[in-house]
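Chemist: with the sequence up front, the predicted model follows.
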Amino acid sequence: MFTLHHGFWIYFIMRKHPRVWHFVIGSMLPDYVYGGLVAVMLCKGQLGWQDVMGINPVVMMSYIPLYPWVVKLDLVGHSVVVWGCVLFMTFFPVFKGFQALVIGWGTHLLLDALTHAAYANYYLYPLSMAAVHSPVSYWEQQYFAKEFKWLNNSLMSLAIAYLIYQWWRTKKSEEE
């Protein structure tokens, strides 16, 4: 699933929670490394600003081998083992304030497990390099990407319409 879609869905689900933005930031956390990669590539002149909007997952994956630190951070960020250790730490009072962020991170891992086919994540890293392959991909055409995009975009449109309706209804009741 596209990074911003992770954030949208967790926002939609958790919007009434007081720490909604912690959930949202956490839900996109494993993919921030790609933003860093784009920034480095812009600084090095490997990408121009006009190229940024046209970057798709296929293009992004072709650049990753040039930057081993991106590979490592991607493995760590998409590891259920690492996530579980960090989640465990949030049960201690000193780290309790990070629970929403870490739970958001966990939702990212769950959604990726459901939407990554050929380019699957290694969820047991560093213990194993075994991957979980979903029958559906959000970007690989041979794994129902067109159907997934249609369904996801349709549901997002309905969710946005619902949010607008709720906002309008709340605003109307405040005026009365």
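Modeler: Now that the structure is in, tell me what you want to look at.
Chemist: counting contacts, what elements does the helix or strand hosting residue 110 pack onto?
Modeler: If you go by DSSP states H and E, residue 110 is part of helix 99-115. Packed against helix 99-115 by the contact rule (3 or more C-beta pairs under 8 Å, 6 or more residues apart in numbering; DSSP states H and E) you find helix 3-14, helix 20-28, helix 80-89. C-beta here means a position set from N, CA and C on the backbone, and glycine is covered the same way.
Chemist: those helices: which one's closest to residue 66?
Modeler: Nearest of those to residue 66, taken as C-beta to C-beta: helix 3-14 at 20.4 Å.
Chemist: which elements pack onto the longest helix belonging to the chain?
Modeler: Scanning the chain for the longest helix, with DSSP state H as the assignment, gives helix 145-175. Helix 145-175 sits against helix 3-14, with contacts defined as 3+ C-beta pairs under 8 Å, 6+ apart.
Chemist: list the buried ones in the helix it packs on?
Modeler: Of all the residues in helix 3-14, those buried under the rule 16 or more other C-beta atoms under 10 Å are 3, 5, 6, 7, 8, 9, 10, 11, 14.
Chemist: quick one, what contacts the first one?
Modeler: Contacts for residue 3 (C-beta atoms under 8 Å, 6 or more residues apart in numbering) come out as 28, 31, 34.
Chemist: looking at those residues, which gets the smallest pLDDT?
Modeler: The lowest pLDDT within those belongs to residue 34, with 92.
Chemist: with that, I have no additional questions.
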